[in-house]
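J.: here's a sequence, model it:
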Amino acid sequence: MRKVLPDKSSYSFDDQFMHRRTDDTDRTYETSCFVNGDGKMLLVATAEMVRYDKADEWVQDVVANASVSSDVTSFQAGDKAVASGRIAAIYVPCRAKGPREHLSVVVELKQRSGAGDAEAREGLVSLARNAAVFAHQQAKCDAPAKVAG
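T.: Have a look, this model is predicted:
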C-alpha cells in the first residue's frame, strides 16, 4: 500500500458494510473501504455483487464511474480484470448456481504518491487481488475466484 499512497503523517481506514451476503440465496453484497491521510481521501476500495451479460460491459461501467478517466489494460484475475496507474478492478465469479453473479472489486487511487504509472499500477493490482480474495470469502461465494496470479 505504501507504494501507491502519498506519504502522510497518519492514515485512517473507514470500512463500511452496506449489505452482507448471509447465505447462498442472498443476492446482495456491498462493502467499501476509504483510506484517508492527513484528512484527505487517498484511496477507495469497493466490492459489490453485480450481474452483467458481458464482462466488457462491466469494464465500460467501471472505467466510466472512475473519478479520473484512465487508459486501462487487462491483467489476469477473475473473469476480467483491468488496471492503470489510478484504478484496478476485478470481475470475480461468485455464484456457481443460478444467476451467475460476480463481485465487482474496484480499487481507485484518489491521490497519487511519487510512484510512476507502472509502479502505481502494480501496487493497485496487488491491492485489488487482496481485496477480491477477502470479498470472495466474506460474500460466501461458491464459484472459484480465479484471482491468484
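J.: list the neighbouring strands of the helix or strand harbouring residue 105 plus their orientation.
T.: Residue 105 is part of strand 102-109, with elements assigned from DSSP states H and E. Each strand paired with strand 102-109, and its direction, by DSSP bridges: strand 40-50 (antiparallel), strand 87-93 (antiparallel).
J.: need those in TSV with mean pLDDT, can you?
T.: What follows is those, written out as TSV (pLDDT from 0 to 100):
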stretch	mean pLDDT
strand 40-50	92
strand 87-93	94
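J.: any idea which of those is most buried?
T.: strand 87-93 (a mean of 28; mean count of other Cβ atoms under 10 Å). In short, each C-beta sits where N, CA and C put it, glycine included.
J.: got the CA coordinates for the helix or strand hosting residue 121 in PDB?
T.: Taking DSSP H and E as the criterion, residue 121 maps to helix 117-138. What follows is helix 117-138, C-alpha atoms only, in PDB (Å, rounded to 0.1, in the frame of the first residue of the first chain):
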ATOM      1  CA  ASP A 117       2.400   4.700 -13.500                       C
ATOM      2  CA  ALA A 118       3.900   1.200 -13.800                       C
ATOM      3  CA  GLU A 119       4.700   1.000 -10.100                       C
ATOM      4  CA  ALA A 120       1.300   2.500  -9.100                       C
ATOM      5  CA  ARG A 121      -0.400   0.100 -11.400                       C
ATOM      6  CA  GLU A 122       1.500  -2.900  -9.900                       C
ATOM      7  CA  GLY A 123       0.500  -1.700  -6.300                       C
ATOM      8  CA  LEU A 124      -3.100  -1.300  -7.200                       C
ATOM      9  CA  VAL A 125      -3.300  -4.700  -8.900                       C
ATOM     10  CA  SER A 126      -1.900  -6.200  -5.700                       C
ATOM     11  CA  LEU A 127      -4.400  -4.400  -3.500                       C
ATOM     12  CA  ALA A 128      -7.300  -5.300  -5.800                       C
ATOM     13  CA  ARG A 129      -6.300  -9.000  -5.700                       C
ATOM     14  CA  ASN A 130      -6.100  -9.000  -1.900                       C
ATOM     15  CA  ALA A 131      -9.500  -7.100  -1.700                       C
ATOM     16  CA  ALA A 132     -11.000  -9.700  -4.200                       C
ATOM     17  CA  VAL A 133      -9.900 -12.700  -2.100                       C
ATOM     18  CA  PHE A 134     -11.200 -11.100   1.100                       C
ATOM     19  CA  ALA A 135     -14.600 -10.100  -0.500                       C
ATOM     20  CA  HIS A 136     -15.000 -13.500  -2.100                       C
ATOM     21  CA  GLN A 137     -14.700 -15.100   1.300                       C
ATOM     22  CA  GLN A 138     -16.900 -12.500   3.100                       C
END
